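# Have a look; sequence and predicted model below, questions after that.
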Amino acid sequence: MSVNPMVYETQFFGFTPQTCMLRIYIAFQDYLFEMMLVVESVMLKKLDGIPGCQVSPSQIRKCTEKFLLFMREHFDKLFAKMEEMLLQLVLKIPENVLLPKDRVQEQYPYSEEEFQALQDELQQLQQQCRAEAATEQALRAELEEQKVVKAELEKILQCFDGLESICRENGASNFKESFALLTQNSKKLQDVLKEVEKKSKKMMQHDQLM
């Protein structure tokens, strides 16, 4: 079988010419083998009808195998010539012929340097696309964080609104003043608590001394 890859022919036909020839070869071999089996069965029937025939079926099988081997050897030689002819004259695309898909290359030819420049530009564009995708993902994550912060702020505002409503219900018209008063009272309570703690410690020390 031919070792020439015949890539252009494979692109056109959709299969390699060597594969086509291999299938033809196998089909001929199968047909030859089936034909020899038919010939052998016919010979056995004919010999059964001859009185006193001394030829056994095993002898016929040996003769059939020898003849099959002879036919295969001659077939291989003939097939090699047929394969060479088909690959050169039938399954080969001439070098001056372009496929329809490749005609655009003839209309717009470019050098190897131009092709490499296009490849480099394509890689740069791909890197830019990846960078933009990463930036977009980071912005989406930041937007989600902002949504969470906004929701927390809205909860705090609702809490302040609730406090303001409570202050109004209790006669305080200004929430800021009420909040300031609440802060002052809280500081006073803290001072009182500290004073109580100090006195409690002194009393404990006095009890220990007693």
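Received, thanks.
# contacts and neighbour counts: CA atoms only from here.
Fine.
# I'd like the mean pLDDT over the lengthiest helix in the chain, please.
Taking DSSP state H as the assignment, the helix of the chain that covers the most residues is helix 112-169. Confidence for helix 112-169, expressed as mean pLDDT, is 83.
# Does it pack against any helices or strands, and if so which?
Helix 112-169 is packed against helix 175-209, with contacts defined by 3 or more C-alpha pairs under 8 Å, 6 or more residues apart in numbering; DSSP states H and E.
# On the three-state scheme, residue 91 is what?
Judged by DSSP: H, G, I helix; E, B strand; the rest coil, the three-state class of residue 91 is coil.
# What is the burial count for the nearest residue to it once chain neighbours are set aside?
Distances taken as C-alpha to C-alpha, 6 or more residues apart in numbering place residue 17 nearest to residue 91, at 6.2 Å, with adjacent residues excluded. Residues within reach of residue 17, counting by other C-alpha atoms under 10 Å, total 23.
# quick one: contacts for residue 17?
The neighbourhood of residue 17, defined by C-alpha atoms under 8 Å, 6 or more residues apart in numbering, consists of 6, 9-10, 87, 91.
# Can you add neighbour count and give these back as TSV?
As requested, these are arranged in TSV below (neighbours: other C-alpha atoms under 10 Å):
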residue	neighbour count
6	16
9	18
10	17
87	19
91	19
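# how is the protein carved up into domains?
Here the domain parsing of the chain from the TED database is 7-102, 125-173, 174-209.
# Kindly reformat those as JSON lines containing distance to residue 111.
Written out in JSON lines, the entries for the domains of the chain read as follows (distance: least, C-alpha to C-alpha, whole Å):
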{"stretch": "domain 7-102", "distance to residue 111": "15"}
{"stretch": "domain 125-173", "distance to residue 111": "21"}
{"stretch": "domain 174-209", "distance to residue 111": "78"}
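# Show me the one of these that comes nearest residue 117.
Shortest distance between residue 117 and the domains of the chain, using C-alpha to C-alpha, is found for domain 125-173: 12.3 Å.
# For this protein, give me the ranges with low pLDDT.
1-5, 103-108, 110, 160-161, 163-164, 166-186, 192, 200-210 (pLDDT under 70).
# Show the backbone phi and psi for residue 78.
Dihedral angles phi and psi of residue 78 (degrees, to the nearest 10) take the values phi -70, psi -40.
# hmm, I was thinking of residue 92
According to degrees, to the nearest 10, the main-chain angles of residue 92 amount to phi -110, psi 130.
# Please report the distance of it from residue 190.
When distances are taken as C-alpha to C-alpha, to the nearest Å, residue 92 and residue 190 turn out to be 101 Å apart.
# next one: residue 89
Distance from residue 89 to residue 190, by C-alpha to C-alpha: 107 Å.
# do the same with residue 96
Separation of residue 96 from residue 190 (C-alpha to C-alpha): 100 Å.
# So if I had to pick from the two, which one is more boxed in?
Using other C-alpha under 10 Å, the more surrounded residue of residue 96 and residue 190 is residue 190, with 12 against 5.
# Now do the more buried one against residue 199, distance only.
Applying C-alpha to C-alpha, one obtains 14 Å for the distance of residue 190 from residue 199.
# One more: residue 129?
Look at residue 129 and residue 199: by C-alpha to C-alpha, they are 72 Å apart.
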